[in-house]
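Colleague: Turn this into a model:
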Amino acid sequence: MEEVTFVDTSAWYAAYVSSDPQHHTVSRLLRSADRSFFTSDFVIDETMTFLLARGERRRAIKFGRDLLITGIVRVELLTLPDLLNAYEVFAKYIDKQWSFTDCTSLVLMQRLRVPEAVSLDKDFQQMPGIHVVPLLS
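Modeller: Residues are numbered from 1 along each chain as shown. Have a look, this model is predicted:
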């Protein structure tokens, strides 16, 4: 049975920026035939914004086209209940520096019962019930 895995902003960035130290490793993982991947509308927003802020407008446009038009992975939309739950997570874990987008990712993964994430963000390793897929070079 195929595993379903969530993809975070940090992994998308590494996959689209060839100078990122994890580019080849993440790109290879995302081409894996034994997994299916999904992401969220908030992660798409955050990734495109992050790429643009780092001077990578062309890559931001390619990323947007790949996910929004070509549909290389499933995109899950956050619902109002998801946002309210994410707000609760954001307010509860005051000792963490999790972004609101990270909190929406956690809530979405919980709703869909998907415990695995591809992420280079150490915050994901702190999240309850989330297993970050190890990246093997």
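Colleague: how about the strands of the chain, start to end?
Modeller: When secondary structure is read from DSSP state E, the chain shows strands at 3-7, 35-40, 74-76, 116-118, 131-132.
Colleague: Mind putting the ones you listed into CSV with mean neighbour count, distance to residue 104 and mean pLDDT?
Modeller: In short, each C-beta sits where N, CA and C put it, glycine included. Rendered in CSV, the data for those read as follows (neighbours: other Cβ atoms under 10 Å; distance: least, Cβ to Cβ, whole Å; pLDDT from 0 to 100):
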stretch, mean neighbour count, distance to residue 104, mean pLDDT
strand 3-7, 21, 11, 93
strand 35-40, 19, 6, 95
strand 74-76, 15, 10, 96
strand 116-118, 21, 13, 96
strand 131-132, 17, 17, 94
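Colleague: Pull the number of nearby residues for residue 85.
Modeller: The criterion is other Cβ atoms under 10 Å. On that basis, residue 85 has 19 neighbouring residues.
Colleague: so who does it touch?
Modeller: residue 107 (Cβ atoms under 8 Å, 6 or more residues apart in numbering).
Colleague: got a pLDDT number for it?
Modeller: According to the model's per-residue confidence, residue 85 sits at a pLDDT of 98.
Colleague: Redo the strands of the chain as CSV? Include distance to residue 17.
Modeller: Supplementary listing: the strands of the chain in CSV, determined by distance: least, Cβ to Cβ, whole Å:
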stretch, distance to residue 17
strand 3-7, 15
strand 35-40, 17
strand 74-76, 21
strand 116-118, 15
strand 131-132, 20
